[in-house]
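S.K.: Here you go, sequence then predicted model.
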Amino acid sequence: MVDGSNELTQLKISEVRDSFGRQGLMTSIGASCKELSHGRCAIELPFSELVGQQQGFFHGGIIGALADVAGGYAAMTLLPAGRDVLTLEYKINFLKPAAGDRLIAEGLVLRMGKSVCVTRADVFAEKDGHRTLCAAMQQSMMAAVAAS
């Protein structure tokens, strides 16, 4: 597991935040990248009808997308400048209905290999300051050349 002892350079922080800003889905649903550190990323999303399903919970597709992006940017923090990531595969478990005011997806690099990175992302639903773990994802990522 990656620890938080290494600091990110301003170049890497700018690179990750610029990349996040080009995420059409994240922008359109109102998600924001709240935390970045060495091998970690947290993304938040307020609840709205746009991201909800028919029973008033966050939609599972949105939960999966948030987890995928959080894990991906956690991996990108460990890559050299000019490199990006692509998801190879992921497995998600939905643990509880995602009911709350916002979602928080916390991505963490478990192992950074030469060509494949394995990450985990936990997704929490938050209501009135109380967090409930609603989903857990593990994914494999590959390095790619960053889009300009």
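M.R.: All right, it came through fine.
S.K.: nearest residue to Ala135 other than its sequence neighbours?
M.R.: In space, and not counting its chain neighbours, Ala135 is closest to Val123: 4.1 Å by CB to CB, 6 or more residues apart in numbering. C-beta here means a position set from N, CA and C on the backbone, and glycine is covered the same way.
S.K.: Quick check, pLDDT for the one you found.
M.R.: Looking at Val123, its pLDDT reads 98.
S.K.: Helices of this structure, start to end?
M.R.: Assigned by DSSP state H, the chain shows helices spanning 10-21, 24-29, 60-76.
S.K.: can you list those in CSV and add distance to Phe94, mean neighbour count and mean pLDDT?
M.R.: Listed next are the helices of the chain as CSV, based on distance: least, CB to CB, whole Å; neighbours: other CB atoms under 10 Å; pLDDT from 0 to 100:
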stretch, distance to Phe94, mean neighbour count, mean pLDDT
helix 10-21, 24, 15, 93
helix 24-29, 18, 13, 95
helix 60-76, 6, 24, 97
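S.K.: want to try CSV for those helices, with distance to Ala136 as columns?
M.R.: Formatted as CSV, these follow (distance: least, CB to CB, whole Å):
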stretch, distance to Ala136
helix 10-21, 22
helix 24-29, 20
helix 60-76, 8
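S.K.: Ala42: which of the ones you listed is closest?
M.R.: Proximity to Ala42, assessed across the helices of the chain by CB to CB, is greatest for helix 60-76 (6.6 Å).
S.K.: Counting by contacts, list what the closest one packs against.
M.R.: helix 10-21, helix 24-29, strand 40-46, strand 83-94, strand 102-112, strand 116-127, strand 130-145 (3 or more CB pairs under 8 Å, 6 or more residues apart in numbering; DSSP states H and E).
S.K.: List of residues touching the fourth one?
M.R.: In other words, strand 83-94. 19, 60, 63-64, 67-68, 71-72, 75-76, 79, 116-117, 134-147 (CB atoms under 8 Å, 6 or more residues apart in numbering).
S.K.: Contact partners for the most centrally placed residue in the chain?
M.R.: Nearest to the geometric centre of the chain sits Ala70, at 1.0 Å (CA atoms, centre = their mean). Taking CB under 8 Å, 6+ apart, we find Ala70 in contact with 41-43, 105-107, 121.
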